[in-house]
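Participant: 3D model of this:
(chains A and B)
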Amino acid sequence: MKKLLSIFAVTVFAFSANAGTLDDVKNRGFLKCGVTTGLAGFAAPDDSGEWAGLDADMCRAVAVAVFGDRSKVEFITTTGKSRFPTLASGEVDMLARNTTWTISRDVNLGFEFVGVNFYDGQGFMIPSSLGVSSATELDGATVCIQTGTTTELNLADFFRLNGISYEALPIETNDEGKENLFAGRCDVYTTDASGLSSTRAAAADPGKWLVLPEIISKEPLGPLVRHGDHQWGDVVRWSLNAMIIAEELGVTSENVDAQKSSNVPEVLRLLGVEGSYGEMLELAPDWAYQIIKQIGNYSESYEANVGPDTPLEIARGLNALWTQGGILYAPPFR
Amino acid sequence: MRSNLNFFSDEKFRSIFFQTLVIGLFALGIYFVVQTTGYNLEKRNIATGWRFLSDPAGFDISFSPFINFKSTDTHLDVYFVGVLNTLLVSFCGCIAATILGFLVGIIRLSSNWLLVRVAYIYVEFTRNVPLLLQIILWYSILIQLPRVKQSLEFLDIFFISNRGIYSPRPVFESGFSYVFIAIILAFISSFIIRRWAKNRQDETGKQFPVLSSAFGLIIILPLLLFFIIGSPMSFDYPALKGFNFKGGMVIRPEFIAMFLALTIYTAAFISETVRSGILSVTKGQREASASLGLKKSWIMRLIIIPQALRVIVPPLTSQYLNLTKNSSLGIAVGYADLVHGFGGISLNQTGQAIECMVIVMATYLTISLTISVFMNIYNRSIQFKEK
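Facilitator: I've put the predicted structure just below:
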């Protein structure tokens, strides 16, 4: 009886949430990707209502790898709180949602981070009129903080370590944080520095706001999938790596067709001219070519969404390639 | 075959059979859900257990008027802070909603046309707009108050800004315990006087001014003692230092928004309950007591209200339960109640969703059942005693 029930349980409740995500996605005909409720530069609807941003590009890259079509993706918004249950229950196939890779999420929650698409750190934003120049001067301030995040824990640690006090004002979404900060309910808003840049860019007068120099934590943000489905994890991992490797090799969406006749072996392997890496991943032979063609390499995605020429104005910094002073590094494509 | 049919035509057997069947299916369903959940959790490598309760929380909660909470305290402490905050807003809300509800209910039966209209509009408007929207509305209004540096000042000791209402905090010094004891003694003796006066009135018909003597005992006596032993109390005044006011007491806008919304929303329902209760007392009762020559205020207090209460109390109980459960909407404005703190932040930081939710649900169940028990005891005490 117990066995019978278990089999029933597996077939009825568990089939969509476990191994075989790649087949599920292929059968469904589109990818379900969990993103933020709207964070400019990472994932937010643009003027024409299309999702745009670094994380949105990550979702599209996976859709291109599987279907060869960047439009075969459904974006599902998740809050800081709902993101993990949404992924665990199989409601989305992957998360590309400004999520920090930590041991407890990787191990205890049963997820698998497949890489890092943005190296971030937690910072503070204040009105420049307060005349504060360092986070250690924030004794007694009211701090807006998104609940259920790693930043919430870092914040408590930082103030405890420096022996200064603060009042936490818990908020649920970035918009709520903006609203409370702009209304003066809190003095300081703290989240990942990239998120602060995004919030500052959305202010009526960005010049009135200051991001303090302290970065108080490591926040490697990356896409994640459910633990245990290694085939699917590989697809997402190498979709990201393909974009990074393409930048390293100088392959862009513009020159990708010309690069097909390159004499560099790794370029030929990447573009599917040589080797059978697509087959190993159960994808089309030209999957990486299509990603670069339709989305671009990492640099193109970065510059278009968060780079110095965008309202966010985030320099490459840590996110530059390892050959250019950053720590962005992908394993070899062979 | 024939005996089988006879079994089923036996009504007693049939009812037992179907009840057993339903209970059996229900138990099977529960077993199935538990089994499936356990199986799937295990399959996804999600650790279960209660150990997380003794892990340090790692985050701060600012709104904790009863416990001095630090980020090094455990998730179990987060739970207690949440329970106390839920109880605080529910308790204040129930008291205020009862007072406002009775007031509005009585006003709606008054003969003042304008007051009746205003009360009617209030009831219909608040009853028919979702509570969540009302909470957000109040919060949005409170957030628009002046910023902390431009606080509204009253007498240099009260400050109102969008960070809350700051007021002086009384600091009790060594001798104050005598005053406190005096207050308790005054309450006890007032109670004894009341019983004595009631017995005397029942026997002799003579009345004793219970209310004014109790007032004298409870207010004036401790106050006199307070000054005699040299005012053993001082005040801690709030003052703007750096980013915020330091010292004094503060009521946060999150609490005020929750309190106002819960009170105003629930009071509308209570007022309807009160109105129906008063209307349920027949006109004859009023006329009979008037013909006995009772004063108008006595008729209300001694004849109408006691009879109306029998109708009012059962639905009033469910309004108290509603208010308590509705306080879980505090999450919408960041009020650190049970659902927001333990059922939200702890849940999310530890990932122990099922454990946290079970605890939160069991807590609400306990609170609700406790309210029900007390209200049922009260309800029994006001029923007609058949002799």
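
Participant: Tell me the helix or strand right after the lowest-mean-pLDDT helix or strand in chain B.
Facilitator: Least confident helix or strand, chain B: helix B:2-9 with a mean of 66, by mean pLDDT, DSSP states H and E. Using DSSP states H and E, the helix or strand that follows helix B:2-9 in sequence is helix B:11-43.

Participant: Could you pull out the buried residues of that next one?
Facilitator: B:36, B:39, B:40, B:41, B:43 (16 or more other C-beta atoms under 10 Å in any protein chain shown). Glycine gets a C-beta too; all of them are placed from N, C-alpha and C.

Participant: and of the residues you listed, the nearest to residue B:191?
Facilitator: Nearest to residue B:191 among the buried residues of helix B:11-43 is residue B:41, at 55.3 Å by C-beta to C-beta.

Participant: dump the residue contacts of the closest one.
Facilitator: For residue B:41, the contacting residues are B:48, B:354, by C-beta atoms under 8 Å, 6 or more residues apart in numbering or on different chains.

Participant: Return the distance of it relative to residue B:354.
Facilitator: As defined by C-beta to C-beta, to the nearest Å, residue B:41 lies at a distance of 8 Å from residue B:354.

Participant: Quick check: phi and psi at the residue of chain A found nearest chain B.
Facilitator: In chain A, the residue found nearest to chain B is residue A:148; the distance is 3.2 Å by C-beta to the nearest C-beta. Main-chain torsions, residue A:148, degrees, to the nearest 10: phi 80, psi 20.

Participant: unless I'm mixing things up, it is touching residue B:349, no?
Facilitator: Yes. Here residue A:148 lies in contact with residue B:349, judged by C-beta atoms under 8 Å, at a distance of 6.4 Å.

Participant: Nearest to chain A: which residue in the stretch 251-387 of chain B?
Facilitator: Counting by C-beta to the nearest C-beta, the stretch 251-387 of chain B gets nearest to chain A through residue B:348 (3.2 Å).

Participant: Please name the nearest non-neighbouring residue to that residue.
Facilitator: residue A:148 (3.2 Å; C-beta to C-beta, 6 or more residues apart in numbering or on different chains).

Participant: do the same with residue B:38
Facilitator: residue B:48 (7.8 Å).

Participant: Name the SS class of the one you found, please.
Facilitator: coil (DSSP: H, G, I helix; E, B strand; the rest coil).

Participant: Please list all residues in contact with it.
Facilitator: B:38, B:41, B:352, B:354, B:355.

Participant: where do the strands sit along chain A?
Facilitator: For chain A, the strands defined by DSSP state E occupy A:31-35, A:44-45, A:51-52, A:73-77, A:94-95, A:111-113, A:118-120, A:122-127, A:141-146, A:166-171, A:188-192, A:209-211, A:219-221, A:224-226.

Participant: repeat for the stretch 51-200 of chain B
Facilitator: In the stretch 51-200 of chain B, the strands defined using DSSP state E, counting those that start in this stretch lie at B:152-154, B:158-161, B:164-167, B:169-172.

Participant: All good on my end, thank you.
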